[in-house]
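Student: this is a predicted model, with the sequence first.
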Amino acid sequence: MPAAALTRSARLGLRATPEQEVVLRRAAELVHKSLADFILDAACQAAEQTLLDQRLLMVSGSQYQGFLEMLDRPESENPGLADLFSRHPVWTKG
């Protein structure tokens with residue numbers, strides 16, 4: 001059911017700097033939402049993503065044992081990875 005169709009009964013409060021308020025209001029206007037709706041939608045999206053990032057992986061005993069064995073193996077030479085790490089990221093200067 002869409003959030004707009006549900007009765008909102010919980011009250012949330014927050015304080016923002018004047019600069020944050022300006023940015024939030026401008027963004028809300030761009031997507032034709034009220035400030036409250038914009039903030040609530042953005043906060044819920046961030047919360048859902050945070051919860052989804054907390055993953056529990058279920059594996060069998062043999063799969064887990066294989067995983068542990070891979071972790072215990074000595075590292076091997078990887079020229080491609082060494083080359084990648086020797087480069088400066090495009091977002092840095094230099």
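Tutor: That came in fine, so what should we check first? Quick caveat, the model's predicted, so the values are computed rather than measured.

Student: going forward, measure contacts and count neighbours with C-alpha atoms only.
Tutor: Fine.

Student: now do the helices in the protein.
Tutor: 18-30, 35-53, 61-72, 79-86 (DSSP state H).

Student: can you tell which of the ones you listed is closest to residue 11?
Tutor: Taking CA to CA as the criterion, helix 35-53 is the member of the helices of the chain that comes nearest to residue 11, at 11.1 Å.

Student: please report the distance of the residue nearest the centre of the chain from residue 43.
Tutor: Computing the C-alpha centroid of the chain and ranking residues by CA atoms, centre = their mean puts residue 49 first, at 5.2 Å. Taken as CA to CA, to the nearest Å, the spacing of residue 49 relative to residue 43 amounts to 10 Å.

Student: ok, residue 59 next?
Tutor: Separation of residue 59 from residue 43 (CA to CA) stands at 32 Å.

Student: one more: residue 18?
Tutor: Separation of residue 18 from residue 43 (CA to CA) stands at 19 Å.

Student: looking at the two, which is more packed in?
Tutor: The residue with more neighbours, out of residue 18 and residue 43 and counting by other CA atoms under 10 Å, is residue 43; that gives 12 against 9.

Student: coming back round to it: mind checking which of the helices of the chain is nearest residue 6?
Tutor: helix 35-53 (12.8 Å).

Student: what's the mean pLDDT across that closest one?
Tutor: For helix 35-53, mean pLDDT is 94.

Student: return the set of buried residues in it.
Tutor: By 16 or more other CA atoms under 10 Å, the buried positions in helix 35-53 come out as 35, 38-39.

Student: closest to residue 82 among those?
Tutor: Nearest member of those to residue 82, counting by CA to CA, is residue 39, at 42.9 Å.

Student: now for that closest one: which residues touch it?
Tutor: When contacts are counted by CA atoms under 8 Å, 6 or more residues apart in numbering, residue 39 touches residue 24.
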